[in-house]
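Engineer: here is my input; please provide its structure:
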Amino acid sequence: MSVKSNLTAMMNIPNLDELIQMALREDIGDGDHSTLACIPPTAVGTAKMVAKKDGILCGAEVGERVFHLVDANLKVTLLKHDGDALQVGDVIMLVEGSSASILTAERTALNFMQRLSGIASQTHTMVQSIADLHARLLDTRKTTPNMRLLEKYAVKCGGGTNHRIGLYDMVMLKDNHIDFAGGIEAAIDRTHAYLKEKGKDLRIEIEVRDLDELERVMQHGGVDRIMLDNFDVPTLRKAVERIAGQYETEASGGITDQTLRMYAETGVDFISVGALTHHIKSLDISLVKK
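Structural biologist: From the prediction side, this is the model:
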């Protein structure tokens, strides 16, 4: 299920090199003294990166970039690519060159790849559980600071769908916006006035907390999608039936891999799961001498 990513695509992520350099500075400090103490500077070798668990690979090009930023002379050969299914024992990449450089880059490369592969793997598992149903799985803005684009990329590698990237590319009128604005109708009307004034064409989503709030949105209109927040499954089904395709529907709030299918069976269009990026187990990958 390779998404056929490449380094050019990854470099579309702004400041990727800066992000990697920050991670390297954090780890190396004034020197990798463990390596400097026992590895001769002229030593060369080859290491292989191996999957220790089954899953979906993500971040291979990021890992490759880590090695090259530590030492441009290292030769990195990718044997697996982002979106590929991994089985225990699969060799993901080979790294050849300075033994000291390989050891210095090892942990930072693995940290990126293990976390991103963990996100891709969990996303894939959840997407597959509802693959025969209409609903699409969304991520959220609950991401690691400065890692958002990479983590959302990992969701896509796992077969999921990105929600809005940030606060700038979609209007999301959540409960606090509604309460501070003075109600559902006021929040919607002020949003339309603002977008017209600024000349912006952004989609509008509004959150509702119960069927009464849903009815107010249905009567007022002016949105593209309705988020049904913390609805139980029977109530969600009623809400989807009431909306009847007039607006896109999204279920959100505490939905897990155990409950995902029940929510999807209501006919809702989208299901957002923050845990895809904020509550994830990294995929076990190791680097060993070849």
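Engineer: low-confidence ranges in the stretch 1-150 of the chain?
Structural biologist: 1-11 (pLDDT under 70).
Engineer: just the strands from the stretch 1-150 of the chain, written as ranges.
Structural biologist: Using DSSP state E, counting those that start in this stretch, the strands found in the stretch 1-150 of the chain span residues 44-51, 55-56, 75-78, 85-86, 91-98, 136-138.
Engineer: out of those strands, deepest packed?
Structural biologist: Ranked by mean neighbour count under mean count of other C-beta atoms under 10 Å, those are led by strand 55-56, which reaches a mean of 26. Placement of C-beta: from N, CA and C, glycine included.
Engineer: give the contact list for the closest residue to T123 other than its chain neighbours.
Structural biologist: Of all residues not flanking T123 in the chain, G158 sits nearest, at 2.9 Å (C-beta to C-beta, 6 or more residues apart in numbering). Contacts for G158 (C-beta atoms under 8 Å, 6 or more residues apart in numbering) come out as 56, 58, 119-124, 127.
Engineer: do the same with R242
Structural biologist: 211, 214-215, 218 are the contacts of R242 under C-beta under 8 Å, 6+ apart.
Engineer: any idea which of the residues you listed is closest to D201?
Structural biologist: For the contacts of R242, the closest approach to D201 (C-beta to C-beta) belongs to M218, at 23.5 Å.
Engineer: any idea whether the closest one is helix, strand or coil?
Structural biologist: helix (DSSP: H, G, I helix; E, B strand; the rest coil).
Engineer: wait, what's in contact with it?
Structural biologist: 242-243, 246.
Engineer: cross these against helices and list the overlap.
Structural biologist: Those of the contacts of M218 mapping onto helices are 242-243, per DSSP state H.
Engineer: could you dump the contacts of M218 to JSON lines with pLDDT?
Structural biologist: Converted to JSON lines, these look like this (pLDDT from 0 to 100):
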{"residue": "R242", "pLDDT": "98"}
{"residue": "I243", "pLDDT": "98"}
{"residue": "Q246", "pLDDT": "98"}
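Engineer: looking at the contacts of M218, spot the one nearest F180.
Structural biologist: Looking across those and measuring by C-beta to C-beta, the closest to F180 is I243, at 25.3 Å.
Engineer: my guess is that closest one meets R237, correct?
Structural biologist: No. Taking contacts as C-beta atoms under 8 Å, I243 lies outside contact range of R237: 11.1 Å.
Engineer: quick one: which of the two has more around it?
Structural biologist: Per other C-beta atoms under 10 Å, whichever of I243 and R237 has more neighbours is I243, with 20 against 17.
Engineer: from S282, how far off is that one?
Structural biologist: 38 Å (C-beta to C-beta, to the nearest Å).
Engineer: repeat for K48
Structural biologist: In this view, K48 and S282 are 19 Å apart by C-beta to C-beta.
Engineer: now E250
Structural biologist: E250 is 28 Å from S282, where distance means C-beta to C-beta.
Engineer: so between the two, which is more surrounded?
Structural biologist: E250 (21 against 17).
Engineer: residues contacting that one?
Structural biologist: E250 neighbours (C-beta under 8 Å, 6+ apart): 138, 205, 225-228, 268-272.
Engineer: out of the contacts of G158, which is nearest to A187?
Structural biologist: Using C-beta to C-beta, the contacts of G158 come closest to A187 at T123, 31.5 Å.
Engineer: for that closest one, give me its contacts.
Structural biologist: 56, 137, 139, 154-155, 157-160, 276.
Engineer: in strands, which of the residues you listed appear?
Structural biologist: Among the contacts of T123, the members falling in strands (DSSP state E) are 56, 137.
Engineer: which member of the contacts of T123 is positioned nearest D30?
Structural biologist: Out of these, the member with the shortest distance to D30 (by C-beta to C-beta) is A154, at 32.1 Å.
Engineer: now do the closest one against L283, distance only.
Structural biologist: In terms of C-beta to C-beta, A154 sits 10 Å off from L283.
Engineer: between the two, which one's more packed in?
Structural biologist: More crowded of A154 and L283, by other C-beta under 10 Å: A154, with 30 against 25.
Engineer: please enumerate the helices of the chain.
Structural biologist: Assigned by DSSP H, the helices in the chain fall at 7-10, 16-28, 33-38, 60-70, 99-129, 148-157, 175-181, 184-198, 211-220, 233-243, 260-264, 275-278.
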